[in-house]
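>>> next comes the sequence, and after it the predicted model I'd like to discuss.
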Amino acid sequence: MSKKPSETPYTSRNHYSDKWQERVAQVAYRFNREYQNQPFDLPTEVQEMPIFREWITGTLSGRIASHFWEIAQPQKNQHCLDIGCGVSFLIYPWRDWQAFFYGQEVSNIARDTLNARGSQLNSKLFKGVELGPADHLNYSSDQFDLAIATGFSYYFPLEYWNAVLLEVKRVLKPSGQFVFDILNPEQPLAEDWAVLETYLGAEVFLEPVAEWEKMLKAAGAKVVTRKSGELFELYKVRF
């Protein structure tokens with residue numbers, strides 16, 4: 001499959017970290033293709049994998065998705081930031097919680113879609129989506145009660161996530177919480193899922209859970225809750 005990170009908005013944005021620019025662009029390109037329903041040219045052996053058939057029929061995402069609200073349901077009038085939000089505002093029930101929602105996303109397709117439709121769903125609660133990577137959040141310090149980052153941690157090495165944690169800590173209020181998920185490489189489905197995602201255009205990092213928890217501790221993040229899924233571990237932490 002051809003890979004064209006230059007087609008994403010990041011290669012010319014010099015305020016993003018050059019170190020991570022190519023990887024951010026590749027992840028954006030992979031999801032732009034999916035959001036635009038563009039075909040993925042995958043080898044026959046990948047298409048014959050059971051996990052591919054689940055992915056192509058749409059059943060996989062529902063089976064493995066991390067529902068952040070199961071361990072951190074937003075409260076009325078809280079200010080919440082969904083990092084790497086994709087098109088989630090069109091899927092999960094954010095309007096029911098009566099909290100104010102902001103987003104940041106690397107896919108310009110997802111950003112444009114949400115900004116066009118979010119305010120139509122609830123113009124008071126939807127505060128818009130910014131374009132940018134997780135290690136450079138386009139928001140003020142101490143702005144949010146809750147930050148969310150599900151669905152993308154495994155596309156980046158732990159070193160990148162050190163920078164993400166610093167940014168999340170900056171934009172959270174002192175009492176704020178951060179909810180995110182990580183891939184558990186010990187799960188039976190992990191290796192096949194990683195192979196599929198790599199062929200879809202975004203390499204997956206199979207980092208041990210123990211290394212994640214070591215990094216969290218070093219960053220001053222205290223684990224409040226952890227919930228295990230079929231593929232991902234969902235964490236709620238405070239700084």
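Structure's in. What do you need?

>>> can you show me the strands along this protein?
All strands of the chain, identified by DSSP state E, fall at 79-83, 100-105, 126-131, 144-149, 172-183, 222-228, 232-238.

>>> between those, which gets nearest to Phe52?
strand 172-183 (17.6 Å; C-beta to C-beta). Heads up, the C-betas are built off the backbone N, CA and C, glycines and all.

>>> pull the residues that contact that closest one.
Residues external to strand 172-183 that are found in contact with it (C-beta atoms under 8 Å, 6 or more residues apart in numbering): 66, 68, 71-72, 142-151, 153-154, 165, 168-169, 190, 193-194, 204-207, 209, 212, 221, 224, 229, 231-239.

>>> mind redoing it with 6 Å?
Under the contact criterion C-beta atoms under 6 Å, 6 or more residues apart in numbering, strand 172-183 has outside partners 66, 68, 72, 142, 144-150, 153-154, 168, 212, 232-238.

>>> over to stretch 66-75?
80, 97, 99, 146, 148, 150, 177, 179, 181, 225, 227, 232, 234, 236.

>>> now those in TSV, with pLDDT?
Listed next are these as TSV, based on pLDDT from 0 to 100:
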residue	pLDDT
Cys80	98
Trp97	96
Ala99	96
Leu146	98
Ile148	98
Thr150	96
Gln177	98
Val179	98
Asp181	97
Thr225	97
Lys227	97
Phe232	96
Leu234	97
Lys236	98
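
>>> weed out the non-buried ones from the residues you listed.
80, 97, 99, 146, 148, 150, 177, 179, 181, 227, 232, 234, 236 (16 or more other C-beta atoms under 10 Å).
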